[in-house]
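K.L.:
sequence unknown, structure follows:
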């Protein structure tokens, strides 16, 4: 998606060779007009897939997922990162290892919102090691729902997540695939 | 907002006299069509306020804020609940006491995204004790920005947050104000 790549080149900030800060438009301040273009592109790529639920994970996936859901005319469910007293006992759960925060946490989705017959599109902002995406796909599997695919805004293609997900036969659509990064030369994309 | 009140009456689940679960449409599974109506109503109430930034807090405010932002044609910033290594050093910060989770946490917004000249609308899903809203309004004040007001989806009017916020002269627009709740009789609204 050229518009997105241009924006990453212009406003993304590279730290070292593996941190890409896009918090001016994607995951702290959020450019809703860009999100609309992202949603439109996900719809184009997953058109005719009969998607009836979008699944994401708190927090930075939620905005993109909600804007995208307008194009699919379906609700969004966001997996929560720990159990609160506002969630009923009946939940699907998976463990996710966060490399950014150096810890393992549980993600949960209430069983009443995901089940047989659901055709689910997972949406998230970043794919790096694939831990969150693996956790989300386990929730879909445990629910007996169909995972149609995953739509990712930025894939760090030099990290193992993308290859791992594709090797499992999950359809993965990443709108910008970063091949390498460098503080001097900036971001290089895959093709 | 009658559509919202009807939805709360139909799908909200009352636990005891103070917990209202609306996770089937508002803060776990999210009904994006309802969010569009909510955004439209916030726009109607805050029209001509020259709002150029919407501020919310992770996680459940983000979806409502993003859909609402489409009507104001402005970006959304979400305050984060703890400092991660992906946030630069320069942040505004406030302490928020969570009654739900029984702890105090820091909320932060990067200084580069909020400042003089900004006219800010705060959006959140719930208002109960007002702790999150007070923290968010402090961030706006510290940034030297103008707080135009706060748009809340559900105010628990029997808890002290709403009165406290109004007493501080902050314009508060709550789309549904819950007067009382009871497992047998359900939800009663103000007016």
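P.N.:
Here it is on my side, so go on. None of the values given here were measured: they were computed from a predicted structure.

K.L.:
Next, the contact list for the spatially most central residue of chain A, please.
P.N.:
In chain A, the centroid-proximal residue (CA atoms, centre = their mean) is residue A:124; its distance is 1.4 Å. Taking CB atoms under 8 Å, 6 or more residues apart in numbering or on different chains, we find residue A:124 in contact with A:56-57, A:61, A:64, A:132-133, A:136, A:150-153. Where C-beta positions appear, they are placed from N, C-alpha and C, glycine not excepted.

K.L.:
any idea which element it lies in?
P.N.:
strand A:119-127 (DSSP states H and E).

K.L.:
which strands and helices sit next to the helix or strand just after that strand?
P.N.:
Scanning forward in sequence from strand A:119-127 by DSSP H and E, the next helix or strand is helix A:131-142. In terms of contacts (3 or more CB pairs under 8 Å, 6 or more residues apart in numbering or on different chains; DSSP states H and E), helix A:131-142 is packed against strand A:53-57, strand A:76-79, strand A:91-98, strand A:103-110, strand A:119-127, strand A:146-156, helix A:161-167.

K.L.:
So for residue B:98, which of those sits nearest?
P.N.:
Of all the helices and strands packed on helix A:131-142, it is strand A:103-110 that lies closest to residue B:98, at 17.3 Å by CB to CB.

K.L.:
which secondary structure elements does that closest one contact?
P.N.:
Strand A:103-110 sits against strand A:76-79, strand A:91-98, helix A:131-142, with contacts defined as 3+ CB pairs under 8 Å, 6+ apart.

K.L.:
And for residue A:144, the neighbour number?
P.N.:
By other CB atoms under 10 Å in any protein chain shown, the residues close to residue A:144 number 11.

K.L.:
neighbours of residue A:117, just the number please.
P.N.:
9.

K.L.:
Tell me which helix or strand it sits in.
P.N.:
For residue A:117, there is no helix or strand it lies in under DSSP H and E.

K.L.:
How about the contacts made by it?
P.N.:
Here residue A:117 is in contact with residue A:145 (CB under 8 Å, 6+ apart).

K.L.:
For the residue nearest to the centre of chain A, give its distance to residue B:161.
P.N.:
Using CB to CB, to the nearest Å, residue A:124 is found at 32 Å from residue B:161.

K.L.:
same for the lengthiest helix in chain A, what does it pack against?
P.N.:
Looking across chain A with DSSP state H, the single longest helix is helix A:32-45. Contacting helix A:32-45 under the criterion 3+ CB pairs under 8 Å, 6+ apart are the following elements: helix A:2-11, helix A:61-72, strand A:146-156, strand A:172-182, helix B:61-72.

K.L.:
Tell me who's in contact with residue A:130.
P.N.:
By CB under 8 Å, 6+ apart, the residues touching residue A:130 are A:160-162, A:164-165.

K.L.:
try residue A:42
P.N.:
Contacts of residue A:42 (CB under 8 Å, 6+ apart): A:68, A:71, A:121, A:123, A:151, A:173, A:175.

K.L.:
Name the residues that touch stretch A:43-58?
P.N.:
Contact partners of stretch A:43-58, identified using CB under 8 Å, 6+ apart, comprise A:62, A:64-65, A:68-69, A:71-72, A:74-81, A:107, A:109, A:113-114, A:118-124, A:132, A:135-136, A:139-140, A:145, A:148-149, A:151, A:173, B:58-59.

K.L.:
what does stretch A:21-37 give?
P.N.:
Contact partners of stretch A:21-37, identified using CB under 8 Å, 6+ apart, comprise A:1, A:3-4, A:7-8, A:11-15, A:60, A:63-64, A:67-68, A:125-126, A:153-154, B:66, B:69-70, B:73-78, B:80, B:86-88, B:109-110, B:112-113.

K.L.:
Just give me the neighbour total for residue A:70.
P.N.:
Number of residues near residue A:70 (other CB under 10 Å) recorded here: 20.

K.L.:
same check, this time on residue A:166
P.N.:
13.

K.L.:
now do residue A:169
P.N.:
Residues near residue A:169, counting by other CB under 10 Å: 7.

K.L.:
what secondary structure does it sit in?
P.N.:
Under DSSP: H, G, I helix; E, B strand; the rest coil, the three-state class of residue A:169 is coil.

K.L.:
same deal with residue A:112?
P.N.:
Counting by three-state DSSP, the backbone at residue A:112 sits in helix.

K.L.:
For chain B, see how far away it is.
P.N.:
7 Å (CB to the nearest CB, to the nearest Å).

K.L.:
I'd guessed that residue sits against residue A:90; true?
P.N.:
Yes: between residue A:112 and residue A:90 there is a contact under CB atoms under 8 Å: 7.0 Å.

K.L.:
Those two - which one has more neighbours?
P.N.:
Just comparing residue A:112 and residue A:90: by other CB under 10 Å the higher neighbour count belongs to residue A:112, 13 against 8.

K.L.:
pLDDT wise, what is the more buried one at?
P.N.:
Looking at residue A:112, its pLDDT is 96.

K.L.:
what's the answer for residue A:85, then?
P.N.:
The score at residue A:85 is 50. That number is its pLDDT.

K.L.:
One more: residue A:191?
P.N.:
At residue A:191, the model reports a pLDDT of 81.

K.L.:
Report how many residues lie close to the residue nearest to residue A:139 when sequence neighbours are not counted.
P.N.:
Leaving out its chain neighbours, the residue that sits closest to residue A:139 by CB to CB, 6 or more residues apart in numbering or on different chains is residue A:92, at 4.7 Å. Residues lying near residue A:92 (other CB under 10 Å) number 20.

K.L.:
bridging residues for residue A:92?
P.N.:
Beta-bridge partners recorded for residue A:92 (DSSP bridges): residue A:109.
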